[in-house]
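[1] A structural model of the following input is requested.
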Amino acid sequence: MTVVKSTIPESARQVTGEALQSTLVDLLGLSLIAKQVHWNIVGPRFRSIHLQLDEVVASAREFADTVAERSSALGIPADGRPETIATAFTLPSPKDGWVRDEDAVALMTETLGAAIARLRERIKVTDEPDPVTQDLLISITAELEKQRWMFDAENWPKGD
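    Here you go, the predicted structure:
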């Protein structure tokens, strides 16, 4: 059943729908990872990283909502069910238990980097089928790159 009629051709809608769904999974998973680390971080830089992790959570959740609504606007139901996220999510995640501040920084730098790489691929594939979605993905990438930069700066001078 199609409730919303798409304004783009079916082939473009399929490519765009896959890009949006994969992005939704990554963003919801990213918000869960950042919150998990937020709850369990320990170490001398606890407070600053703890607060920075909440910035990642807020951005990821806001973008997830925007991505899901874009999908719905194109007549593609978004799937953010827990079982979908658990099955489809492949970005790096923390281990169980406490997370040292330096490990939190390394994990978030790696996870954000992986999410950014995946977004850049989706930006390429949505160029022709749906520039509007591509623009959205570019905006998300810019924010995640900013967040990654902030975590990476925490590694200095180790990250040389």
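[2] where exactly do the strands run in this protein?
    41-42, 99-100 (DSSP state E).
[3] could those strands go into a markdown table alongside distance to Leu53?
    C-betas here are computed from N, CA, C, even on glycine. Converted to a markdown table, those look like this (distance: least, C-beta to C-beta, whole Å):
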| stretch | distance to Leu53 |
| --- | --- |
| strand 41-42 | 7 |
| strand 99-100 | 10 |
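[4] Using a markdown table, please lay out these together with mean neighbour count.
    Below are the strands of the chain laid out as a markdown table (neighbours: other C-beta atoms under 10 Å):
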| stretch | mean neighbour count |
| --- | --- |
| strand 41-42 | 18 |
| strand 99-100 | 19 |
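[5] Redo these as TSV? Include mean pLDDT and distance to Ser31.
    Supplementary listing: the strands of the chain in TSV, determined by pLDDT from 0 to 100; distance: least, C-beta to C-beta, whole Å:
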stretch	mean pLDDT	distance to Ser31
strand 41-42	98	16
strand 99-100	98	16
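[6] From the chain's centroid, how far away is stretch 65-81?
    On the basis of C-alpha atoms, centre = their mean, to the nearest Å, stretch 65-81 sits 15 Å off its chain's mean C-alpha point.
[7] Which residue would you name as the spatial centre of this protein?
    Leu27 (3.0 Å; C-alpha atoms, centre = their mean).
[8] per-residue confidence at the residue nearest to Ala88 when sequence neighbours are not counted?
    Nearest-residue entry for Ala88: Val25, 4.6 Å, with adjacent residues in sequence omitted and distances by C-beta to C-beta, 6 or more residues apart in numbering. In this model, Val25 is scored at 98, pLDDT.
[9] Please apply the same query to Gly159.
    52.
[10] ok, now Leu107?
    98.
[11] From Glu102, how far off is the closest residue to it other than its chain neighbours?
    Excluding the flanking residues, the one nearest Leu107 by C-beta to C-beta, 6+ apart is Pro94, at 5.7 Å. Pro94 is 13 Å from Glu102, where distance means C-beta to C-beta, to the nearest Å.
[12] Could you name the helices and strands sitting against the longest helix along the chain?
    In the chain, ranked by residue count with DSSP state H as the criterion, the top helix is helix 10-40. When contacts are defined as 3 or more C-beta pairs under 8 Å, 6 or more residues apart in numbering; DSSP states H and E, helix 10-40 sits against helix 46-73, helix 82-88, helix 101-125, helix 131-154.
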